[in-house]
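Q: this is a predicted model, with the sequence first.
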Amino acid sequence: MPVYHQTSGREAPERFRKMPGSNLDHLRAHNLSAILTQIHHGSPQSRSGLAAATGLNRSTITILVNDLIERGLVVEYPAAKEGSKKSVGRPSMSLHASDRVIAIAVNPEVDAITVGVVSLGGTVQRTIRYETEEPPTMRRAVKITTAIIEGIQAGLPTDSRVLGIGVAVPGLTNVIDGSVALAPHLGWRQEPLAPVLSERTGLPVWAANDAHLGVLAETVFGVGMHAGHILYLNGGASGIGGGVISGGIPLKGATGFAGELGHFRIRSNGKRDSAGLEGTLESEVSRDDLLRSLGLDIRDFPKLDTALAKPRTSAAQREIDRQVRALGTALGSMVTIFNPELIVLGGFLGSLLDAEPDRLRNLVAQESLAPQYSVVEIVRPQLRENVLLVGAAELAFDALLRNPTAFDAAPHSAGGRAESRTNGA
């Protein structure tokens, strides 16, 4: 996972993308990590840009970049030029993360399992959605995911390298062993998800809470790149999850389960949510209720934005108003508690924002303290529907980014895991 450093105000947090380099030879592995991470999080890059970002001299950059190219982790192309005027002399070159270095990203939900192919650099190459009639058990989710991954691997270029699998789980997930403590909508409790999926696929597997991965993706590749204080909420078929960045540091809590903002209570005597808690944001703001009010089936969620942009019936408008009011009330209290500069609303919560932007923002302002709300911007994720897949893929890319020397330079078959080797730095 990226390293975050303390910041204040609107100063951008210092992440891996700003990791300083060292010209000492014995820190070569560290320097390779700095260069590869910079390219991964900000592809394409120039060699001069890498020198400026890491503090390494040009000759060291050349050696390190050539090493990464030989390993098949980075490719170099002529830089794209604006206009049609021809340049004289040697063309400038740009460095790109290799699209042959791949992570598999998985997001199990109550109505479907989504599997994505994500290449180094955070590019989603392909997405497969397998719909289920009912919430899958953990074992069934593993079986379905394994079958999808086998099909994906069979179709990958032969020089592709699959580094592993990252899973975005809508529930409380132990990032150390990849077990799921509680995913109430799925009915999962104390499930050894990562070990079982790894055994079935032969690939290393990591798992984490979906909203935590969503905020990670947006801070690395999206709207949160230059923000240090972020509140992220994701609304999906499995309810509402959340993630918090404070001072550039992810808020994890004593057991790593912080950020369950969907269970934030906003009223008494309300409906009970999936965890049995009363009057929570999740019980009052529901994707399925919103779809039904618009005359859509629960599987028609891709049409939600389009439906909300059309003239609405009075019944639909009443439901939208009710949910926007509940969401605004919750966000106002969260602004008072967390003092964010940026609120990112993913999934159907972003659809509600687009449907009633002024009303939602006014409600948040009314429900929070003016000095705190004055710095808040409320937006949708830049990565939109790919945000959870990109975040999950970061789990699989992490070991490579921390130590590129652990991966062999020779290409590997698409069906096997990346091999490792020891390499003196």
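A: Thanks, I have it. Numbers count the residues shown, from 1 in each chain.
Q: for the residue lying closest to G262 once chain neighbours are set aside, give me the pLDDT.
A: Nearest residue to G262, sequence neighbours excluded (C-beta to C-beta, 6 or more residues apart in numbering): I240, at 3.2 Å. Yep, even glycine has a C-beta here, placed from its N, CA and C like the rest. With respect to pLDDT, I240 scores 95.
Q: quick one, what contacts I240?
A: Contacts for I240 (C-beta atoms under 8 Å, 6 or more residues apart in numbering) come out as L233, N234, L261, G262, L281, E282, V285, L349.
Q: where is the longest helix in the protein?
A: Longest helix of the chain, by residue count under DSSP state H: helix 314-338.
Q: distance from the chain centre to that helix, please.
A: 24 Å (C-alpha atoms, centre = their mean, to the nearest Å).
Q: and the next helix or strand after it, C-alpha only, in PDB?
A: Going down the chain from helix 314-338, the next helix or strand is strand 342-347, by DSSP states H and E. C-alpha atoms of strand 342-347 as PDB (Å, rounded to 0.1, in the frame of the first residue of the first chain):
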ATOM      1  CA  LEU A 342     -12.900  16.500  -0.300                       C
ATOM      2  CA  ILE A 343     -15.900  14.200  -0.200                       C
ATOM      3  CA  VAL A 344     -16.000  11.600  -2.900                       C
ATOM      4  CA  LEU A 345     -19.300   9.800  -3.600                       C
ATOM      5  CA  GLY A 346     -19.000   6.600  -5.500                       C
ATOM      6  CA  GLY A 347     -21.700   4.200  -6.900                       C
END
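Q: if you average pLDDT over strand 342-347, what comes out?
A: pLDDT averaged over strand 342-347 gives 96.
Q: just how off-centre is the very next helix or strand once past it within its chain?
A: As assigned by DSSP H and E, the chain's next helix or strand after strand 342-347 is helix 348-355. In this view, helix 348-355 has its centroid 19 Å away from the chain centroid, taken as C-alpha atoms, centre = their mean.
Q: same question, stretch 397-406
A: 19 Å.
Q: domain ranges for this protein, per the record?
A: Listed domain ranges for the chain are 1-78, 101-212+386-406, 223-380 (source: automatic domain parsing).
Q: okay, helices next: where are they in this protein?
A: Under DSSP H, the chain gives helices at 28-42, 47-54, 58-70, 138-155, 193-201, 210-221, 281-284, 287-293, 304-309, 314-338, 348-355, 357-366, 370-373, 387-402.
Q: all the strands of the stretch 101-250 of the chain, residue numbers only.
A: For the stretch 101-250 of the chain, the strands defined by DSSP state E, counting those that start in this stretch cover 101-108, 112-119, 123-131, 161-169, 172-173, 180-183, 188-191, 205-209, 230-236, 239-246, 249-250.
Q: ok, back up a step: most neighbours, which of the contacts of I240?
A: N234 (32 neighbours; other C-beta atoms under 10 Å).
Q: touching, that one and N209? I think so.
A: No - the criterion here is C-beta atoms under 8 Å, and N234 misses it with N209 at 9.9 Å.
Q: joint contacts of those two?
A: By C-beta under 8 Å, 6+ apart, the residues touching both N234 and N209 are G241.
Q: so where's the chain uncertain?
A: 1-26, 80-91, 408-425 (pLDDT under 70).
Q: try 90 this time
A: 1-29, 42-44, 77-93, 237-238, 255, 267-271, 273-275, 297-302, 405-425 (pLDDT under 90).
Q: between the strands of the stretch 101-250 of the chain, which one is closest to V324.
A: strand 230-236 (12.5 Å; C-beta to C-beta).
Q: distance of N31 from G228?
A: 26 Å (C-beta to C-beta, to the nearest Å).
Q: neighbours of R267, how many?
A: There are 15 residues near R267, going by other C-beta under 10 Å.
Q: that one - nearest residue in space that isn't next to it in sequence?
A: Per C-beta to C-beta, 6+ apart, closest to R267 is G279, 4.1 Å.
Q: F264 is in contact with the one you found, correct?
A: No - judged on C-beta under 8 Å, G279 makes no contact with F264 at a distance of 9.8 Å.
Q: those two: who's more crowded?
A: F264 (20 against 17).
Q: list the contacts of the more buried one.
A: Residues near F264 by C-beta under 8 Å, 6+ apart: T280, L281, A330, S333, M334.
Q: give the full set of residues in contact with T329.
A: So T329 contacts I266, L363, E367 (C-beta under 8 Å, 6+ apart).
Q: and V65, by the same measure?
A: Counting by C-beta under 8 Å, 6+ apart, V65 has contacts I35, R47, L50, V74, E76, L95.
Q: touching, T137 and G187? I think so.
A: Yes - contact between T137 and G187 holds when scored by C-beta under 8 Å: they sit 7.3 Å apart.
Q: between the two, which is the more surrounded one?
A: G187 (16 against 13).
Q: burial measure for the residue nearest to that one when sequence neighbours are not counted, as a count.
A: Closest residue to G187 apart from its sequence neighbours, by C-beta to C-beta, 6+ apart: P135 at 5.9 Å. Counted with other C-beta under 10 Å, the neighbours of P135 add up to 18.
Q: now do S198
A: 19.
Q: which residue is the nearest non-sequential neighbour of it?
A: The nearest residue in space to S198 (C-beta to C-beta, 6+ apart) is V205, at 4.2 Å.
Q: the one you found and P192 touch, don't they?
A: No - between V205 and P192 there is no contact under C-beta under 8 Å: 10.5 Å.
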